[in-house]
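Undergrad: only geometry, no sequence info:
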């Protein structure tokens, strides 16, 4: 089984858990990290109005929804069909609508130099989706091209090595 297939399998297994709390995430204010620090208090992101954004590893795509409500034009990318199905249900229930694509963050099916802001939903999927031997050239290319690349982690960093 390839690393892409393993990644898809793992996130498909997690999908029911994410589907349970997706309505709260879509309906509420955007929060950072395990401490749920509100973006309205932190002001960590730039003004996104009018920006073209891409969320790699979007899962249920609540971050893209949050960006869209602030005037961005997001596209959500995820490798997991089940996660994107939840995202589509959330779009139907809460709005807004924006493109959701099933793809690996290693091989984004979009033209280069298309996006102003790249916002992975979770740090871990971005790392896990890459082959262990992959240098991350694609992601580095995107970061260099975009100039603004941020991560939101829902797990403390030490768990990455466990």
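TA: That came through, no problem. Predicted, not measured: the structure shown is a model, and the values here were computed from it.

Undergrad: Let me see the confidence value for the closest residue to residue 82 other than its chain neighbours.
TA: Among residues not flanking residue 82 along the chain, residue 15 sits closest, at 3.7 Å (Cβ to Cβ, 6 or more residues apart in numbering). C-beta: built from backbone N, CA, C; applies to glycine. On the pLDDT scale, residue 15 is placed at 95.

Undergrad: if I read this right, residue 15 contacts residue 86, doesn't it?
TA: Yes. Under the criterion of Cβ atoms under 8 Å, residue 15 makes contact with residue 86 at 6.7 Å.

Undergrad: tell me which residues in stretch 32-46 are buried?
TA: Neighbour-count burial for stretch 32-46 flags 32, 45 (criterion: 16 or more other Cβ atoms under 10 Å).

Undergrad: For that stretch, measure first residue to last.
TA: Distance across stretch 32-46, first residue to last, is 15 Å (Cα to Cα, to the nearest Å).

Undergrad: which one of residue 15 and residue 86 has more residues nearby?
TA: residue 86 (23 against 20; other Cβ atoms under 10 Å).

Undergrad: same for the longest helix along the chain, what does it pack against?
TA: Longest helix in the chain, counting residues (DSSP state H): helix 3-27. Packing contacts for helix 3-27, counted by 3 or more Cβ pairs under 8 Å, 6 or more residues apart in numbering; DSSP states H and E, involve helix 62-69, helix 81-94, helix 123-128.

Undergrad: Check which residues of the longest one are buried.
TA: Looking back up the chat, that one is helix 81-94. Buried, per 16+ other Cβ under 10 Å, within helix 81-94: 82-84, 86-87, 90-91.

Undergrad: Tell me, how many residues neighbour residue 63?
TA: Residue 63, neighbours per other Cβ under 10 Å, totals 23.

Undergrad: Hmm, it is touching residue 29, no?
TA: No. The criterion here is Cβ under 8 Å, and residue 63 misses it with residue 29 at 11.9 Å.

Undergrad: Now do stretch 83-90: everything it contacts.
TA: 11-12, 15, 18-19, 22-23, 26, 58-62, 65, 76, 78, 100, 102 (Cβ atoms under 8 Å, 6 or more residues apart in numbering).

Undergrad: Kindly report the same for stretch 19-26.
TA: Residues contacting stretch 19-26 (Cβ under 8 Å, 6+ apart): 60, 62, 65, 82, 86-87, 89-90, 93-94.

Undergrad: what is the mean pLDDT for that stretch?
TA: Mean predicted lDDT for stretch 19-26 stands at 94.

Undergrad: One more: stretch 57-77?
TA: 91.
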